[in-house]
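Participant: how would this look folded up:
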Amino acid sequence: MANPPNVREPGTRESAARVAAQRPGTHRSWAETRERLRAAATTEPGRLWIIGTVVALLVVAFGGVTAWEISDRSAAASDVVNRSQPLSADAASIYRSLADADTAAASGFLAGGQEPLDVRKRYDTDIATASRLLVKAAANTTGSAESTQQIATLNEQLPLYNGLVEQARANNRQGFPVGGAYLRFANQKMSTSLLPAAQKLYEAETGRLYDDYDQADTWPYAATALGLVALGGLVWVQRRNFLRTNRVFNHGLLAATAASTVVLLWLVVGHAVASSDLSTSRAHGQESLKVLNDARISSLQARANENLTLVARGAVLKDGKDVYETSFTKEMTSLSDQLGAAVKLADDSAGKVPVQKAKDDMTAWQGRHTAARRTDDSGDYDGALTQVIGAKGSTGECFDQVDQALDSAIAHEQHEFTTAASDGRGALTGLPLGAAVLAVLAAAGAGVGISRRLAEYR
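Facilitator: Alright, predicted model coming up:
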């Protein structure tokens, strides 16, 4: 029997559409959309509409990913300048303040019952500085379990150390020999509890700094790839338009290409400049600061051990050798190596000069220390004491000069770091917003360009 008129055999496109239309929910909608796209792709207006939509989406995606990735890099660069490096510097200052307080305590003890006012003031200032920076660190190291643990240790042990020093002072004023034992116990607590905790805090905060550096320096691969794809798509559309119409320019598509090119160039150049400046701040700022801070710590520990050698008077031995004298020699060797490294890292005369001065003062310090040890070994304790803590011609004078030179070098390198890192952060300023705005304009341009071609078919 013949089929009724106007009725097609099952399996035709219309039949498939009717079957799909009978499907519920999302299946029906997807089938209808797919069918419309398939039908649209068979005509030039439909193809133009699909091409325009894809290109516009590519451009918008390029702008969005660029804004996201660069915002992430910019935030990391800001953290380098405003959070992690200052916290690393504060952690180094905590260590320095604690080591300097230990040095001042030993110097004041050696001076006798009447501790010099300037030495006492130095000790009090160091303890106050360490306490203040610990409060600041506690408020800004959120999310770091290691830092939190070390800050808790420091807050717990610092009052105990201060109490031992006060006991040593009280006994020393009364001429009781037990004062020396209290001071050695205080130094032991400083060496075994406080300074290791401060060192771990410094390492944790410096580790966070280098993590921020790495995050800020990571190349925005996704944004770059999308930018190249979007530009390639725009060039292909314009070439296709030229081959079909023999028209050289489509103003909308040309504007979209120009805007996308600007975003891509801004992305590449801006991130390259930022990466270069951040690398400079790391190599010629942070690395120098790390070595200089280590050198300063070594000088402080050497000075504390030098003083304790006279406080202990040979009472603390290991393998027949004075523990404090052995530690002094070890720290001075470290100081020499660190100053040598700091000279190599310094990239200008303003950085090299104070470090070289510190090296010269360190050499003089070693010479005076050797002379003081000979005097003490010959039985002239008072003469050795003058050579160590005297106002002129003493090892203490050399130590102060080394400390001042290192302070000057650290200030210079800190300025170098801040300038370079701030420039790196500034190179990314405005890029996220600019990329988003230009991407929207590029998408609009592509839409206008395609719309004019579509208008020709009406």
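Participant: where along the stretch 101-250 of the chain do the helices fall?
Facilitator: Taking DSSP state H, counting those that start in this stretch as the test, the helices found in the stretch 101-250 of the chain are 117-140, 145-173, 178-189, 195-217, 221-245.
Participant: could you dump these into CSV with mean pLDDT, mean neighbour count and distance to residue 84 added?
Facilitator: Any C-beta I mention is one placed from the backbone N, CA and C, and that applies to glycine too. Shown next, in CSV, are the helices of the stretch 101-250 of the chain (pLDDT from 0 to 100; neighbours: other Cβ atoms under 10 Å; distance: least, Cβ to Cβ, whole Å):
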stretch, mean pLDDT, mean neighbour count, distance to residue 84
helix 117-140, 91, 16, 10
helix 145-173, 91, 18, 11
helix 178-189, 87, 20, 30
helix 195-217, 90, 20, 4
helix 221-245, 88, 17, 24
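Participant: which one of the ones you listed lies nearest to residue 395?
Facilitator: helix 117-140 (15.1 Å; Cβ to Cβ).
Participant: hmm, who's touching that closest one?
Facilitator: 83, 87, 90-91, 93-94, 97-98, 100-101, 104-105, 107-108, 111, 147-148, 151, 154-155, 158, 162, 165, 201, 205 (Cβ atoms under 8 Å, 6 or more residues apart in numbering).
Participant: quick one: low-confidence ranges for this structure?
Facilitator: 1-28, 33-42, 113, 143, 246-248, 314-315, 317, 454-458 (pLDDT under 70).
Participant: now whichever helix in it runs longest against helix 221-245, angle please.
Facilitator: Determined from DSSP state H, the single longest helix within the chain is helix 44-79. With axes from the mean of the first three to the mean of the last three Cα atoms, to 10 degrees applied, the angle from helix 44-79 to helix 221-245 works out at 160 degrees.
Participant: buried ones in helix 44-79?
Facilitator: 46, 48-49, 51-52, 55-56, 58-67, 69-71, 73-79 (16 or more other Cβ atoms under 10 Å).
Participant: where's residue 430 relative to residue 74, distance?
Facilitator: Distance, residue 430 to residue 74, by Cβ to Cβ, to the nearest Å: 10 Å.
Participant: what residues are up against residue 100?
Facilitator: 122, 126, 300.
Participant: typo on my end, residue 233
Facilitator: Counted by Cβ under 8 Å, 6+ apart, residue 233 has contacts 54-55, 58.
Participant: give me that answer again for 10 Å
Facilitator: Residue 233 is in contact with 51, 54-59, 62, 256-257, 260, 446, counting by Cβ atoms under 10 Å, 6 or more residues apart in numbering.
Participant: again with residue 372
Facilitator: Per Cβ under 10 Å, 6+ apart, neighbours of residue 372: 306, 309-310, 380, 383-390, 394-395.
Participant: same deal with residue 77?
Facilitator: By Cβ under 10 Å, 6+ apart, the neighbours of residue 77 are 212-213, 215-217, 274-275, 277-278, 281, 421-422, 424-429.
Participant: so it versus residue 89, what's the distance?
Facilitator: Counting by Cβ to Cβ, the gap from residue 77 to residue 89 is 17 Å.
Participant: thinking again about what came up before, what's the closest of the helices of the stretch 101-250 of the chain to residue 439?
Facilitator: Using Cβ to Cβ, the nearest of those to residue 439 is helix 221-245, at 8.7 Å.
Participant: for the closest one, what is the distance to the chain centroid?
Facilitator: 38 Å (Cα atoms, centre = their mean, to the nearest Å).
Participant: swap in stretch 219-237?
Facilitator: That offset, for stretch 219-237, works out to 31 Å (Cα atoms, centre = their mean).
Participant: got the CA coordinates for stretch 94-105 in PDB?
Facilitator: Provided in PDB are the C-alpha atoms of stretch 94-105 (Å, rounded to 0.1, in the frame of the first residue of the first chain):
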ATOM      1  CA  ILE A  94      64.300  39.000  66.300                       C
ATOM      2  CA  TYR A  95      67.300  36.700  66.000                       C
ATOM      3  CA  ARG A  96      69.700  39.700  66.000                       C
ATOM      4  CA  SER A  97      68.000  41.400  69.000                       C
ATOM      5  CA  LEU A  98      68.100  38.200  71.000                       C
ATOM      6  CA  ALA A  99      71.800  37.500  70.100                       C
ATOM      7  CA  ASP A 100      72.700  41.100  70.800                       C
ATOM      8  CA  ALA A 101      70.900  41.000  74.200                       C
ATOM      9  CA  ASP A 102      72.900  38.000  75.100                       C
ATOM     10  CA  THR A 103      76.100  39.800  74.100                       C
ATOM     11  CA  ALA A 104      75.100  42.900  76.100                       C
ATOM     12  CA  ALA A 105      74.300  40.800  79.200                       C
END
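Participant: any idea how far residue 444 is from the residue most central in space within the chain?
Facilitator: Nearest to the geometric centre of the chain sits residue 209, at 2.4 Å (Cα atoms, centre = their mean). Counting by Cβ to Cβ, the separation of residue 209 from residue 444 is 42 Å.
Participant: same question for residue 236.
Facilitator: Counting by Cβ to Cβ - residue 236 and residue 444 are separated by 19 Å.
Participant: same question for residue 111.
Facilitator: Residue 111 is 79 Å from residue 444, by Cβ to Cβ.
Participant: what residues are up against residue 112?
Facilitator: 172-173, 175, 385.
Participant: now these as JSON lines including distance to residue 192?
Facilitator: Shown next, in JSON lines, are those (distance: Cβ to Cβ, whole Å):
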{"residue": "172", "distance to residue 192": "23"}
{"residue": "173", "distance to residue 192": "27"}
{"residue": "175", "distance to residue 192": "29"}
{"residue": "385", "distance to residue 192": "27"}
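Participant: and the furthest pair within those residues?
Facilitator: 173 and 385, at 17.4 Å, using Cβ to Cβ across the contacts of residue 112.
Participant: dump the contacts of residue 233 into CSV; add distance to residue 269 as well.
Facilitator: Below are the contacts of residue 233 laid out as CSV (distance: Cβ to Cβ, whole Å):
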residue, distance to residue 269
51, 30
54, 28
55, 24
56, 25
57, 26
58, 22
59, 20
62, 16
256, 20
257, 18
260, 15
446, 24
